[in-house]
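K.L.:
okay, predicted coordinates and the sequence, questions at the end:
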Amino acid sequence: MISTVKYWVAIVLFLAFVLGYAIYNQPLTNKNQNFHSKVVDLNDGYGYQIMRGEKIVILQEYIPGFPGKQKFATEDQAQKTAKLVVSKLEDGKSPILLLSDLATLNISTVVDY
């Protein structure tokens with residue numbers, strides 16, 4: 001009789017744990033699923049992060065589509081590019097940027113003085 005009670009207590013505890021785990025790991029609510037960006041200072045240039053809630057989904061340290069590993073020359077360039085990526089993601093599109101996208105944003109690796 002005591003072993004049967006222990007057995008059922010173990011099952012109930014296990015199910016409670018599984019239920020708690022499932023609730024804890026549910027997808028975030030729609031309010032927290034919006035994408036947003038943050039410019040990252042890389043000492044010798046800039047990059048950006050695209051986040052969904054508190055989770056980083058894209059860390060872009062180099063200008064996408066440019067040959068080599070070239071960083072954004074200004075914070076404004078990184079911010080404009082990040083905003084374009086966020087808008088693509090929110091529209092359900094691929095975040096991949098073409099050189100024409102970057103040309104539209106006037107992105108270059110040279111700082112204009």
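P.N.:
That came through fine. Residues are numbered from 1 along each chain as shown.

K.L.:
going forward, measure contacts between C-alpha atoms and count neighbours the same way
P.N.:
OK.

K.L.:
so for the longest helix seen in the chain, mean pLDDT?
P.N.:
Ranked by number of residues, the top helix in the chain under DSSP state H is helix 2-24. The average pLDDT within helix 2-24 is 76.

K.L.:
for stretch 84-92, same thing?
P.N.:
92.

K.L.:
just the CA coordinates for that stretch, please, in PDB.
P.N.:
Taking C-alpha atoms only, stretch 84-92 is exported to PDB below (Å, rounded to 0.1, in the frame of the first residue of the first chain):
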ATOM      1  CA  LEU A  84      15.700  47.800 -42.800                       C
ATOM      2  CA  VAL A  85      16.400  44.300 -41.600                       C
ATOM      3  CA  VAL A  86      13.800  44.700 -38.800                       C
ATOM      4  CA  SER A  87      11.200  45.900 -41.300                       C
ATOM      5  CA  LYS A  88      11.900  42.900 -43.600                       C
ATOM      6  CA  LEU A  89      11.500  40.500 -40.700                       C
ATOM      7  CA  GLU A  90       8.300  42.100 -39.500                       C
ATOM      8  CA  ASP A  91       6.900  41.800 -43.000                       C
ATOM      9  CA  GLY A  92       7.700  38.100 -43.000                       C
END
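
K.L.:
show me which residues of that stretch are buried.
P.N.:
Within stretch 84-92, the residues that qualify as buried are 84-86, 89, counting by 16 or more other CA atoms under 10 Å.
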